[in-house]
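Participant: Quick one, structure for this:
(3 chains)
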Amino acid sequence: MIIAIYVLIGISIFFAFAGVVGMLRMPDAFCRMQSSTNISTFGVLGVIIGGILYSAVFLHNAEMAVKLAVMGIFYIVTSPIAGHAIAKGAYHHGVKMTRKSVCDKYGEDMEK
Amino acid sequence: MKKASFPAIVSTAIVCFIFWLLITGQVASLLRGEPSVQVLIAGAIVSAAAALFSARFFIHESPFYLCNPVRFLKLIAYCFGAFVVELTKANVDVARRALSPSLPVKPGIVKVPVGLKSEYAQAMLADSITLTPGTITVDTVEEDGKDYYYIHWIDVASEDPEEAGEAIKGTLEKWVRRIWE
Amino acid sequence: MNVFLYAAICFVVLALMLMIRLIKGPSVADRAVAADSIDILSDMALILYALHTGRGIYLDIALITAVLGFVGSTLVAKYLEGKL
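Facilitator: Purely as a prediction, here's the structure:
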């Protein structure tokens, strides 16, 4: 059981690492947002699920397990909202997309 | 802004109250049968006040739509089954892109048609798309009675709206339609 | 369990790596996203520390910072869009 918890936390650290590296290497703000989604989904869920298992099985602390579940639900519900809001705000603020971009239908339709 | 109907306020208050119970740690003491009455009364008052002011932002259609066992089970199946599969695939894909030495990205914003009518279904689909790494919903528009999403996609495989839509939201849209229609 | 402590240190190191993006980021949006991610990573470190010590009080702090991080990034987004 404890091995499964360690594996979950290891997965979480791996995806958080991939997200951080992506945020440092990606060419423009929008691509960096895609990498930050990596942190806020699997980087979070591994620790949360592992924590629920650990506090329910080893600590026998139902309150901690419930709080961790609430935090997991909260992250899953709010992180897309914040991501969508920042993406839209950044586009309207005039943040440019990288020159490698293939197409920009949004900008074309806004100019019409 | 439309005014909120009474059932909308009630349903928002119920959700707020459930979160109050979970966060204050009252669930365990309720199960033991010795709840703290003061905490429960304070929670009821606060959640009723919060619902009174905020229900009109959240609920515009049938408030108790999910109070139906079949729909609720479908929602659970979506959250823990189909969606987790898509999430894993997208996470592995974006992690591979970020860690590979040549950084193989091909970003762009594509326009994708959406065939869902209900507001809840559209919000849920947009959130699901944003939550999968690799795609972010930038904006939604309505043209000639049809809804479109503008989606920033890290690997543009096709600029054609239909093909891009099939690649981005194929499975997700089928499941969301099964829940809300 | 010491493993949780080491995992928490890993998350703190990742958060410090993100500081580079927070300082360097060319636009406001980069900085907002980096700050949001640092918030999430430090929350994970707090959760792991709570599991290490077995005390639930750290979870309350993590929950509050999660809520505040969401409110803050939504506020920055509103400001960027020019609706504030």
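
Participant: Please make it C-alpha for all contacts and neighbour counts, starting now.
Facilitator: OK.

Participant: residue boundaries of the helices in the chain?
Facilitator: Let's take chain A. A:2-25, A:29-57, A:62-93, A:105-111 (DSSP state H).

Participant: nope, chain C
Facilitator: Under DSSP H, chain C gives helices at C:2-24, C:28-53, C:57-81.

Participant: Return the list of helices and strands in contact with the second one.
Facilitator: What it means is helix C:28-53. In this structure, helix C:28-53 packs against helix A:29-57, helix A:62-93, helix C:2-24, helix C:57-81, with contacts taken as 3 or more C-alpha pairs under 8 Å, 6 or more residues apart in numbering or on different chains; DSSP states H and E.

Participant: what about that helix, distance to the chain center?
Facilitator: In terms of C-alpha atoms, centre = their mean, to the nearest Å, the centre of helix C:28-53 is found 2 Å from the chain centre.

Participant: Let me know the average pLDDT across that helix.
Facilitator: Averaged over helix C:28-53, pLDDT sits at 91.

Participant: can you pull the buried residues of that helix?
Facilitator: Across helix C:28-53, burial judged by 16 or more other C-alpha atoms under 10 Å in any protein chain shown covers C:28-52.

Participant: what sits against the residue most central in space within chain A?
Facilitator: Nearest to the geometric centre of chain A sits A:S40, at 1.8 Å (C-alpha atoms, centre = their mean). Residues near A:S40 by C-alpha atoms under 8 Å, 6 or more residues apart in numbering or on different chains: A:Y75, A:S79, C:S37, C:I40.

Participant: so which two of those are the farthest from each other?
Facilitator: A:Y75 and C:S37 (11.8 Å; C-alpha to C-alpha).

Participant: and the helices of chain A, which one's lowest on average pLDDT?
Facilitator: Mean pLDDT per stretch puts helix A:105-111 lowest among the helices of chain A, at a mean of 78.

Participant: Is chain C within reach of that one?
Facilitator: No. Remark: helix A:105-111 sits outside contact range of chain C, by C-alpha under 8 Å from any C-alpha of the partner chain, the gap being at least 14.7 Å.

Participant: can you map out the helices along chain B?
Facilitator: B:6-24, B:26-32, B:37-58, B:69-77, B:83-99, B:119-131, B:161-180.

Participant: who does the third one touch, helix- and strand-wise?
Facilitator: Based on contacts counted as 3+ C-alpha pairs under 8 Å, 6+ apart, the elements that helix B:37-58 packs against are helix B:6-24.

Participant: before we move on, the earlier item: how close does the residue nearest to the centre of chain A sit to A:Y54?
Facilitator: Separation of A:S40 from A:Y54 (C-alpha to C-alpha, to the nearest Å): 21 Å.

Participant: Next: C:H52.
Facilitator: 10 Å.

Participant: How about B:G43?
Facilitator: Taking C-alpha to C-alpha, one finds B:G43 at 29 Å from A:Y54.

Participant: ok, now B:K3?
Facilitator: Between B:K3 and A:Y54 the computed distance is 46 Å (C-alpha to C-alpha).

Participant: So those two - more neighbours on which side?
Facilitator: Taking other C-alpha atoms under 10 Å in any protein chain shown, B:K3 and A:Y54 do not tie; A:Y54 has more neighbours (22 against 10).

Participant: so who does the closest residue to that one other than its chain neighbours touch?
Facilitator: Excluding its sequence neighbours, the residue lying closest to A:Y54 (C-alpha to C-alpha, 6 or more residues apart in numbering or on different chains) is A:I5, at 7.1 Å. A:I5 sits next to A:G50, A:G51, A:L53, A:Y54 when contact means C-alpha under 8 Å, 6+ apart.

Participant: closest to B:V27 out of the helices of chain C?
Facilitator: helix C:57-81 (15.8 Å).

Participant: other SSEs contacting the closest one?
Facilitator: Using 3+ C-alpha pairs under 8 Å, 6+ apart, the elements in contact with helix C:57-81 are helix A:62-93, helix C:28-53.

Participant: can you rerun that using 10 Å?
Facilitator: helix A:62-93, helix B:6-24, helix C:28-53 (3 or more C-alpha pairs under 10 Å, 6 or more residues apart in numbering or on different chains; DSSP states H and E).

Participant: buried residues in it?
Facilitator: C:58-60, C:62-63, C:65-66, C:69-70, C:72-78, C:80-81.

Participant: what's the answer for stretch B:116-123, then?
Facilitator: Neighbour-count burial for stretch B:116-123 [16+ other C-alpha under 10 Å]: B:L116, B:Y120, B:A121, B:Q122.

Participant: B:L66: which of those is nearest?
Facilitator: Nearest to B:L66 among the buried residues of stretch B:116-123 is B:Y120, at 10.8 Å by C-alpha to C-alpha.

Participant: got the residues of chain B near chain C?
Facilitator: Within chain B, the positions near chain C by C-alpha under 10 Å from any C-alpha of the partner chain are B:I23, B:T24.

Participant: Poorly predicted segments of chain B, please.
Facilitator: For chain B, the stretches with pLDDT under 70 are B:1-2.

Participant: residue of it with the smallest distance to chain C?
Facilitator: Using C-alpha to the nearest C-alpha, B:I23 is the residue of chain B that sits closest to chain C, at 8.6 Å.

Participant: Am I right that that residue is in contact with A:E63?
Facilitator: Yes. In this structure, B:I23 is within contact of A:E63 by C-alpha atoms under 10 Å, at 9.1 Å.
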